[in-house]
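K.L.:
The following block contains a protein sequence and its predicted model.
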Amino acid sequence: MTPRPMHALIVGCGDVGCRLARLLAARGTDVTGVVRSPASAKALDRLGIRARIADLDADTIADLPAADWLFHFAPPPEKGETDPRLAQVLDALSAVPQRLVYLSTSAVYGDCGGRWIDESESCKPKSARGFRRLDAERTTLDWASAHGVAAMILRVPGIYGPGRLPMQRLAAGTPLVQGDQSPFTNRIHADDLAAAALRVAEAGTAGAAYNVSDGQPTTMTDYFLRCAALLGVPPPPQVPLAQALATMSPMLKSFLEESKRLSNRRLVEELGWTPRHASLDSGLPASLAADEVVQAFTAAA
């Protein structure tokens, strides 16, 4: 087991980052969260998390505080096929951390035709966001190797949880793909993702990637129908896949064009991680409970 860190730095300390920060603080670690706006900094202050405001798109970033563990949760820019934000952060570190955890996406695998896959699957991204994350993964591991840092990659699918349910989409009645044409998608509850990030930082193997999912893939249509039932709203109409693809945003379209079922066996068997919400049956009802992280960001908005 890696020694407990004295200080941790979470870059992109939003919803999941704050959940991780609270887990770290409960173990006696001093945490600094890097955020973009004063409103987000105010939310962190409400949660007892030290905040540092930084614009990752600026030409330069002032020295970031030294930390034993670095978690990079900030997403890449929405355009291009590289992640200049990550490069900015690595250049701005005032000291080299002992361990680095980078939050990537399962989109790096591309379309796998609905097959079960693990971390040995070749990375063949299909979407621009997948290419950006793969670039960031390689940058992370190359930098870590050059600086003697133990770096691990989290490959994350759709995140759900408090404040993350698709209420507006359901209220608008936006059509879904017909159930028999809807591809497999994977999910992880925000609290479980935070716990997984901590576990990987504690015991992950340097250079390894870990699929972080609940291990119970369904389809996007199934997910939205379950949410509608939970929220007591009418189920949206369903249309053929081709029709849905013609009207959806690029982000949703990329999800529908990539079908895969993620195995979380490495995380479960090698690191002993167990999700609190091992399926939507548990995770969706829990997403309606009052939540301090969501309340803090709502109050600070």
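P.N.:
Thanks, I have the structure now.

K.L.:
Pop out the phi and psi values for Ile188.
P.N.:
Summarising the backbone geometry of Ile188 under the convention degrees, to the nearest 10, its torsions are phi -150, psi 140.

K.L.:
Please work out how many residues are found near it.
P.N.:
In terms of burial, Ile188 registers 28 neighbours under the definition other Cβ atoms under 10 Å. (Glycine included, C-beta is placed from N, CA and C.)

K.L.:
got a list of what it touches?
P.N.:
Counting by Cβ atoms under 8 Å, 6 or more residues apart in numbering, Ile188 touches 156-160, 196, 212-214, 275.

K.L.:
And the pLDDT at it?
P.N.:
On pLDDT, Ile188 comes in at 98.

K.L.:
Quick check: the gap between it and Asp111.
P.N.:
Counting by Cβ to Cβ, to the nearest Å, the gap from Ile188 to Asp111 is 20 Å.

K.L.:
now swap in Ala286 and tell me
P.N.:
Summarising the geometry, the distance separating Ala286 from Asp111, computed by Cβ to Cβ, is 31 Å.

K.L.:
out of those two, which sits in the more crowded spot?
P.N.:
Regarding Ala286 and Asp111, a neighbour count based on other Cβ under 10 Å identifies Asp111 as having more, with 18 against 15.

K.L.:
List the contacts of the more buried one.
P.N.:
126, 257-260.

K.L.:
7 Å - rerun?
P.N.:
126, 257-259 (Cβ atoms under 7 Å, 6 or more residues apart in numbering).

K.L.:
which of the contacts of Ile188 lies closest to Cys13?
P.N.:
Nearest to Cys13 out of these is Ile159 (Cβ to Cβ; 14.9 Å).

K.L.:
And the helices in this protein, which stretches?
P.N.:
Counting by DSSP state H, the chain has helices at residues 15-26, 38-46, 84-92, 128-147, 167-172, 190-203, 220-231, 241-247, 250-256, 265, 271, 280-286, 292-300.

K.L.:
Where among the ones you listed is average confidence lowest?
P.N.:
Across those, the stretch with the lowest average pLDDT is helix 250-256; it has a mean of 77.

K.L.:
Name the residues of that one that are buried.
P.N.:
Buried residues in helix 250-256, counting neighbours by 16 or more other Cβ atoms under 10 Å, are found at 252, 254-256.

K.L.:
Tabulate the residues you listed (TSV), appending distance to Leu141.
P.N.:
Formatted as TSV, the entries for the buried residues of helix 250-256 read as follows, by distance: Cβ to Cβ, whole Å:
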residue	distance to Leu141
Leu252	30
Ser254	24
Phe255	26
Leu256	30
